[in-house]
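**Student:** Predicted model and sequence below, questions to follow.
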Amino acid sequence: MSSEPLLQGPRIFRPTTANLARLAALLRRGELVGVPSETVYGLAADALNPAACAKIFAAKGRPTTDPLIVHLASAADLDRVARSNPAALALAAAFWPGPLTLVLPKLAVVPDLVSAGLPTVAVRVPAHPVFRRLIRLAGRPLAAPSANSFGYISPTSAAHVRDGLTGTSLRAVLDGGECLVGLESTIVDLTDPAKARLLRPGGLDAAAIERVLGQKLVRPHRKTISVGVAAPAPGMLSRHYSPRTPLVLHKRLDVRDAVKLASNDACLLLRKPAPADLRHLPPGTLRRLRWLSERGELTEMAKNLFATLRVLDGEGWTRIHAAQVPGGEGLAPAINDRLKRAAAKG
Ligand code: TXA
Ligand code: MG
């Protein structure tokens, strides 16, 4: 037997009143806590404490050129961390709490480490009630990126957080169940409200944002940005959300294509095949097949995407083949964005 001590992972806490008080106290003392949100699980620390936020970067292995999102319990707290404007207030009224992050000029209380030295800060009010209760109890805004090691698939359950961050300084994860949206928030830069920019497609449909703003969002040029390069538009790394198993992205993929794949390749379909198609599969093919949705709904695909990629990544396949979502409506751009980055080479 090995003489190395077994690494103890963080403990998972149910969201009882006593546990919430305990975790809020940890946060006030400058410790990390894994937190549930409607989008993905976050790795939270006191946003106003640079030493606490430094632990986030260390635990994730995240470069300090990549700024953090600051989470508030209520839109009324926005003025504590950022300089807002009428467009930001309109979006906050329409979509907070919810999967929308706004980038605004930052106030001096926000440490430079949180904003990666930028004059702006990303802010969001999450919809998960347990997360908001924890922010209230902690009594300060919480900085939280997704609770995965840098570049890996984002976590959508407390177990994902524990499995991915065992061996780091994270000691506690608050269990709020599976994430209902399953994709990170949509990020809109409102530093110049006349030219609102979509920095990341996400869990809130960009068309809904455009309707409230009464203007089209500018889609910044997606130049390839790699780790270690100063990021003029952070959050746009070409490789991200990636399984360790190579992911091959196809324009279309259906159950008939699965039959033609190499025998140790897996196939991730968007939708469950018809029963007749499943019945006529050659032996051994079904075990290589997974699907993101039963009914072909985009919300269901988004919710299952990261968890299904994690399952496939743990099964020892040579390659994972996946299909892009057709059309550009609703959550399709956000799902395809994650799939493209997960498949990107570097
Ligand atoms: O849904 C979400 O947004 C989740 C949950 C936990 O809230 N958080 C999340 O955080 O996805 P993270 O760190 O994985 O992604 C946040 C992105 C980063 O890629 C970062 O570059 C960008 O937001 N960002 C943060 N501050 C920014 C700023 N001041 N200007 C531009 N982009 C910023
Ligand atoms: Mg992330």
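**Tutor:** Noted; the coordinates are in hand. Ligands and ions are numbered 1, 2, ... in the order given.
**Student:** the longest helix in the chain is where?
**Tutor:** Secondary structure of the chain read by DSSP state H shows that its longest helix is helix 298-313.
**Student:** Who are the contact partners of the most centrally placed residue in the chain?
**Tutor:** Closest to where the C-alpha atoms of the chain average out (Cα atoms, centre = their mean) is residue 184, at 3.5 Å. By Cβ atoms under 8 Å, 6 or more residues apart in numbering, residue 184 lies in contact with 39-40, 99, 146, 154, 200, 202-203. All C-beta atoms are positioned from the backbone trio N, CA, C, and that covers glycine.
**Student:** about what we covered before: got a list of contacts for the longest helix of the chain?
**Tutor:** 40, 153-157, 160, 178-183, 203, 241, 243-245, 247, 266, 268, 270, 290, 292-294, 320, 325, 329-332, 334-335, 338-339, 342.
**Student:** Nearest spatial neighbour of residue 10, chain-adjacent residues omitted?
**Tutor:** Once flanking residues are discounted, residue 10 sits nearest to residue 170: 4.6 Å by Cβ to Cβ, 6 or more residues apart in numbering.
**Student:** what's the helix or strand for that neighbour?
**Tutor:** Per DSSP states H and E: residue 170 is located in neither a helix nor a strand.
**Student:** Report how many residues lie close to residue 25.
**Tutor:** Neighbourhood size, residue 25 [other Cβ atoms under 10 Å]: 12.
**Student:** Buried residues, the helix or strand hosting it. List them.
**Tutor:** Taking DSSP H and E as the definition, residue 25 sits inside helix 17-28. Across helix 17-28, burial judged by 16 or more other Cβ atoms under 10 Å covers 19-20, 23-24, 26-27.
**Student:** circling back: which ones among the contacts of residue 184 also lie next to ligand 1?
**Tutor:** Among the contacts of residue 184, the residues within reach of ligand 1 (Cβ under 6 Å from any ligand atom) are 39-40, 99, 146.
**Student:** Where in the protein is the helix or strand with the lowest mean pLDDT?
**Tutor:** Using mean pLDDT, DSSP states H and E, helix 255-260 stands out as the lowest-scoring helix or strand of the chain, at a mean of 87.
**Student:** Would you map the strands across the stretch 201-346 of the chain?
**Tutor:** 247-250, 265-269, 289-291, 319-323 (DSSP state E, counting those that start in this stretch).
**Student:** okay if I get the ones you listed as JSON lines plus distance to residue 108, mean neighbour count and mean pLDDT?
**Tutor:** Formatted as JSON lines, the strands of the stretch 201-346 of the chain follow (distance: least, Cβ to Cβ, whole Å; neighbours: other Cβ atoms under 10 Å; pLDDT from 0 to 100):
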{"stretch": "strand 247-250", "distance to residue 108": "42", "mean neighbour count": "18", "mean pLDDT": "96"}
{"stretch": "strand 265-269", "distance to residue 108": "46", "mean neighbour count": "22", "mean pLDDT": "96"}
{"stretch": "strand 289-291", "distance to residue 108": "49", "mean neighbour count": "19", "mean pLDDT": "96"}
{"stretch": "strand 319-323", "distance to residue 108": "45", "mean neighbour count": "21", "mean pLDDT": "96"}
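**Student:** buried set for the least confident helix or strand of the chain?
**Tutor:** By neighbour count with 16+ other Cβ under 10 Å, helix 255-260 contains the buried residues 255, 258.
**Student:** Same check on stretch 90-106?
**Tutor:** Under 16+ other Cβ under 10 Å, the buried positions of stretch 90-106 are 90-92, 95-104, 106.
**Student:** now swap in stretch 59-79 and tell me
**Tutor:** 59-60, 62-63, 66-73, 75, 77-78.
**Student:** quick one: is it near ligand 1?
**Tutor:** Yes. With Cβ under 6 Å from any ligand atom as the criterion, ligand 1 is reached by stretch 59-79 at 66-69.
**Student:** circling back to that earlier point, just checking, which of the ones next to ligand 1 among the contacts of residue 184 belong to helices?
**Tutor:** In helices, judged by DSSP H, none of these are found.
**Student:** Which one of these is nearest to residue 7?
**Tutor:** Nearest to residue 7 among the ones next to ligand 1 among the contacts of residue 184: residue 146, at 21.3 Å, using Cβ to Cβ.
**Student:** I figured that closest one hits residue 154, correct?
**Tutor:** Yes. The criterion here is Cβ atoms under 8 Å, and residue 146 meets it with residue 154 at 4.4 Å.
**Student:** hmm, back to that, so which other helices or strands are in contact with the helix holding residue 25?
**Tutor:** Under the contact criterion of 3 or more Cβ pairs under 8 Å, 6 or more residues apart in numbering; DSSP states H and E, helix 17-28 touches strand 11-13, strand 33-35, strand 42-46, helix 129-138, strand 172-174.
**Student:** how about low-confidence regions in the stretch 101-250 of the chain?
**Tutor:** For the stretch 101-250 of the chain, the stretches with pLDDT under 70 are 221-236.
**Student:** Can you pull the residues of it lying near ligand 1?
**Tutor:** 101, 103, 115, 118, 120-122, 124, 126, 144-146, 184-185, 187, 199, 234-235.
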